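Just the structure for this:
(chains A and B)
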Amino acid sequence: MMRAPSEKRTSLSLYLHFPFCVRKCRYCDFLSAPAGEEARQDYIDTLCAEIALRGEQCRGEAPEAQIVSLFIGGGTPSLMSAAQLDRVMETVRRSFSLLPDAECSMEVNPGTADLQKLRAYRECGMNRLSIGVQSLHDRELALLGRIHTAAQAEEIFRAARDAGFSNLNVDLMSALPGQTFADWKYTLETAVSWGPEHISAYSLQIEEGTPFYTMELPPLPAEDEDREMYHFTRAFLAEHGIFRYEISNYAAPGYECIHNKGYWTGRPYLGLGTGAASLFGNCRFHNPSDYALYKAAVTNRDLPALMCEKTALSPQDRMEEFMFLGLRLTEGVSERDFLGRFGVPIGRVYGEVLEKHLKEGGLEKKGERYRLTEYGKDVANTIMAEYLL
Amino acid sequence: MTTDKYRQLQERTRNFCIVAHIDHGKSTLADRMIEKTGLLTSREMQNQVLDNMDLERERGITIKSQAVRLVYKAKDGKEYLFNLIDTPGHVDFNYEVSRSLAACDGAILVVDATQGIQAQTLANVYLALEHDLDVFPVINKIDLPSAQPDLVRQEIEDVIGLEAEDAPLISAKQGIGIEDVLEAVVEKIPAPDGDAQAPLKALIFDSLYDSYRGVIVFCRIRDGVIRKGMPVRMMATGAVNEVTEVGYFGPGQFIPCEELSAGQVGYFTASIKNIKDARVGDTVTGNERPCAEPLPGYKKAQPMVFCGLYPADSARYPDLRDALEKLQLNDAALFFEPETSLALGFGFRCGFLGLLHMEVILERLEREYDMDLISTAPGVVYKVYQTDGTMIELTNPSNLPDPSKIDYMEEPIVSAEIMVTTEFIGPIMQLCQERRGRYLDTEYIESTRAILRYELPLNEIIYDFFDALKSRSRGYASFDYELKGYERSELVKMDILVNKEPVDALSFIVHAAGAYERGRKMCEKLKEEIPRQLFDVPIQAAVGGRVIARETVRQLRKDVLAKCYGGDISRKKKLLEKQKEGKKRMQIVGNVEIPKEAFMNVLKLDSGS
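Down below sits the predicted model:
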């Protein structure tokens, strides 16, 4: 079993963005688009150049930093050839201090991989895969615009196991257009029967600018159905030893995603690749989303151009983030941590609103931790908005 | 100046105003007259000089009286001084109209050639005649294809009884016939009378506060002369001040001059710091040689509509007070006093001449003073007769005594004239019926138009009567009213409870027969206005502790961003910030967040549908 390396002052995460896919899914609003092999190769070249550049930056600004987790997301990173991934990982190892037990995840689309490729990925150093299954009904997969079937998803899961991955996530989506409770239950039960260590289950969110936003769709499940699916998910997975540790994330004990947990607990991370966001040196910034601008900045070793919308976090910003990110976690936020980080008791900053939420039933307190109740999770935005100062 | 000079000036002066129904072209005509007399070239002239408040221009109404002096060279070869005094057109501002009329000797009546006589045409003509003004009509908008000048001319003669045979046919917009109007002013409006050698006697018809010069007093000189350095006395208050400046009104500016003599209209300043020392309607005289008798003043305007005004940000209470004080300097009809609401905190109970007056004040507060306001249900003044024989005038429903102490109540009733084309008589009568109107009679002006006369409770027309009237007559009905008196009525106080707590700002007095309907509608409307909270929120309407209607705002079921990764925390924060912004526009009542607009929105019950 993999154990989370203890959080240190020197812990750093890396996110690598791969903005290409075979075909854009209809609900996707991430920075991603289909492209030819040549464009992908060019991108990998630029990405590797950035990794090297950022490595230098990191050695200068945070020489002690050690990479505890690395995550390759997209897009569809599994479009990368084994050779490309090998080069990326080699560059990472050369440029950063990657801990030997660091969690190295990547997203895999079942329509783009096979046993051989996954074996090669494992050899490159990846030790966790997040498989984009989404649904186990072909009808739903077609509606979403996915490029694979339910059968292919199961095959890839088996292949991942055969390739030696002992830490697998299955990505699922609930509250799909036309989806019934029974539909969702089948997807969830089937996925669990494969025995994954981790499940991410998101309610579909229809974003502006995606085809879903404008196209005619079967009716979305009503709020109450959506919540029924959500509450069933928690109960059902818990029966199978997979416990919710964040609003949409479930894991067998010890398999909570180290990388994502970092986002919710304020661990610094560098985002590499087009548009990728970073939290580094107490600042938030992101890379240019436009590839040409991004490539130019990397080629010119122009670090300021690789820090768009750079914002230094004030103590107030950090308190807000501590709250609204921390409350996403099942364990909630700790009074002691708050005091330790900010030097003021949580009650002095948030006493009134904490009291209100405890009284209204959105929040509960266990020991020295505040956390969302079941209902609080349903209306998390409403609650979290009140922790903005 | 010699006596002859004064007499000549008087003979060559014309003091007049223009009266019209709203949108019949009063301000446009004023502009053309200004332009034609050469005071401004048309290029220099911004449209509608006399309406110098943004709000007025936007709504096409004139709120605050203004005046302007024009010099006109007539066909007889002589130069005439015109003092054109602008008056508000709307019924709410009758009081201000009266003030302006008192400074005039005559009036031009503008009638729209496409619409004919409307309710406010009549109301304004009657007011002018009451002030002994000589009125002559002009028929405007003759350039429009639907103009029917002959018909309108006949109507003016038949309905008002004014000679209209040689009424100028004009288009103020196109500048047609303006010369005729100017000539008619010379011929038909009498020169002012008065004796320039007699002791000073001047009527204050308006005033303005200027932080540098103090109160600027607008006056009409009846007798005598006022000049710089002269000590003057306000006859009602006895205040004595030395005149520091006299002058007349240029377009949008004050132009100082040597003196103002009998028959003239202008202003003076006298370092008057307190507006109360220069009350509108008071008579100004010389302190050394006072006149014997003051001029008859005006009746004080009685506020007819009341509501509570609260700053959305309670810290701005002092700002609201300052703003109201400043507005009051200019608008004596505005009344206010401090009040406290459990729901809304510290604010003011304000009295207005009518609903339009209220809207105008609200908009001015928001625009000119940058106030974010919450207003409570507008109401009228009720007379509450108590069992102990005393009577109280109730302006705030929250102050209604315990029902056991009330003997009976009376409400204000207005006499209303509604002018309407005959095809809409049915729907309009139905509307008046729904509003508890008492039908008096119908007068046919011509075969297709009639005046309906009704008596209506004022509280039935202050919400949305005007809108309902317009919607049920496709915009053709016009309406005017005046207070008739008080009548006994079956009135009850309706409380609105949100999450079991009465919201005092939403309490109102309603006729017993309409209570259930109103209560039900209020609850339905409020249900739409209150966003879902983290718990069920019951909304109830209650009369005397008895709940007569109920709605429930169901608990919020889902508001969660499922996916929050990829490290883009900034985006997530922006979403939460947006949500927080929304909350800022909420007022917390009990523990329920109510959007500020809700207080106003629930009052706009469209009972027409």
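
going forward, measure contacts and count neighbours with C-alpha atoms only.
OK.

Can you tell me the strand partners of the helix or strand of chain A with the lowest mean pLDDT and which way each runs?
Taking all helices and strands of chain A together, the one with the lowest average confidence (mean pLDDT, DSSP states H and E) is strand A:33-34, at a mean of 86. Within its sheet, and counting by DSSP bridges, strand A:33-34 is paired with strand A:20-21 (parallel).

for the strand or helix carrying A:Arg122, which positions count as buried?
Assignment of secondary structure by DSSP states H and E places A:Arg122 within helix A:115-124. Of the residues in helix A:115-124, those buried by neighbour count under the rule 16 or more other Cα atoms under 10 Å in any protein chain shown are A:115, A:117-122, A:124.

try stretch B:466-483
For stretch B:466-483, burial by neighbour count (16+ other Cα under 10 Å) applies to B:466, B:468-469, B:471-473, B:477-482.

Around chain B, pick out the residues from the stretch 151-300 of chain A.
Proximity of the stretch 151-300 of chain A to chain B (Cα under 8 Å from any Cα of the partner chain) is limited to residues A:202-205, A:223-224, A:227, A:247-248, A:260, A:263, A:276-278, A:284.

how deep is residue 153 tucked in, by neighbour count?
Went with chain A since none was named. Counted with other Cα atoms under 10 Å in any protein chain shown, the burial measure for A:Ala153 works out to 23 neighbours.

try again with chain B
Using other Cα under 10 Å, B:Arg153 has 24 other residues around it.

What are the phi and psi values at it?
In terms of degrees, to the nearest 10, the main-chain angles of B:Arg153 are phi -60, psi -40.

Assess the claim that it and B:Ala164 are in contact.
Yes: if you go by Cα atoms under 8 Å, B:Arg153 and B:Ala164 touch, sitting 5.7 Å apart.

What's the nearest residue in chain B when you look at chain A?
B:Asp559 (4.2 Å; Cα to the nearest Cα).

How about that residue: what's its closest non-neighbour residue?
The shortest distance from B:Asp559 to any residue other than its chain neighbours is 4.2 Å, reached at A:Val379 (Cα to Cα, 6 or more residues apart in numbering or on different chains).

For the one you found, grab the count of nearby residues.
Other residues within reach of A:Val379, judged by other Cα under 10 Å, total 21.

B:Ala119 too?
By other Cα under 10 Å, neighbour count at B:Ala119 equals 22.

so it touches B:Ser478, yeah?
Yes: taking contacts as Cα under 8 Å, B:Ala119 lies within contact range of B:Ser478: 5.3 Å.

one step back: which of the buried residues of stretch B:466-483 fall in helices?
Counting by DSSP state H, the part of those found in helices is B:466, B:468-469, B:471-472.

could you dump the residues you listed to TSV with pLDDT and distance to B:Ile272?
Converted to TSV, those look like this (pLDDT from 0 to 100; distance: Cα to Cα, whole Å):
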residue	pLDDT	distance to B:Ile272
B:Phe466	79	41
B:Ala468	85	46
B:Leu469	86	45
B:Ser471	84	48
B:Arg472	88	50
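
host element of the most centrally placed residue in chain A?
For chain A, the residue lying nearest the average C-alpha position, counting by Cα atoms, centre = their mean, turns out to be A:Asn260 (5.2 Å). When elements are defined using DSSP H and E, A:Asn260 is found to belong to helix A:258-265.

what separates that helix from the chain centre, distance-wise?
Computed by Cα atoms, centre = their mean, to the nearest Å, the separation of helix A:258-265 from the middle of its chain amounts to 8 Å.

got it, and stretch B:321-337?
In terms of Cα atoms, centre = their mean, the gap separating the centre of stretch B:321-337 from the centre of its chain is 14 Å.

Can you pull out the residues in contact with that stretch?
The set of residues external to stretch B:321-337 that reach it, using Cα atoms under 8 Å, 6 or more residues apart in numbering or on different chains, is B:95, B:206-209, B:275, B:300-303, B:348-353, B:365, B:369.

Which ones among those lie within strands?
When DSSP state E is applied, the contacts of stretch B:321-337 are split such that B:206-209, B:348-352 fall in strands.

Could you give me the PyMOL syntax to select whichever of those are buried?
Here is the PyMOL selection string for the buried members of those, based on 16+ other Cα under 10 Å:
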select buried, chain B and resi 206+207+208+209+348+349+350+351+352
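
Would you tell me which one of the ones in strands among the contacts of stretch B:321-337 comes nearest to A:Arg26?
The shortest gap between A:Arg26 and any of the ones in strands among the contacts of stretch B:321-337 belongs to B:Phe348, at 55.2 Å (Cα to Cα).
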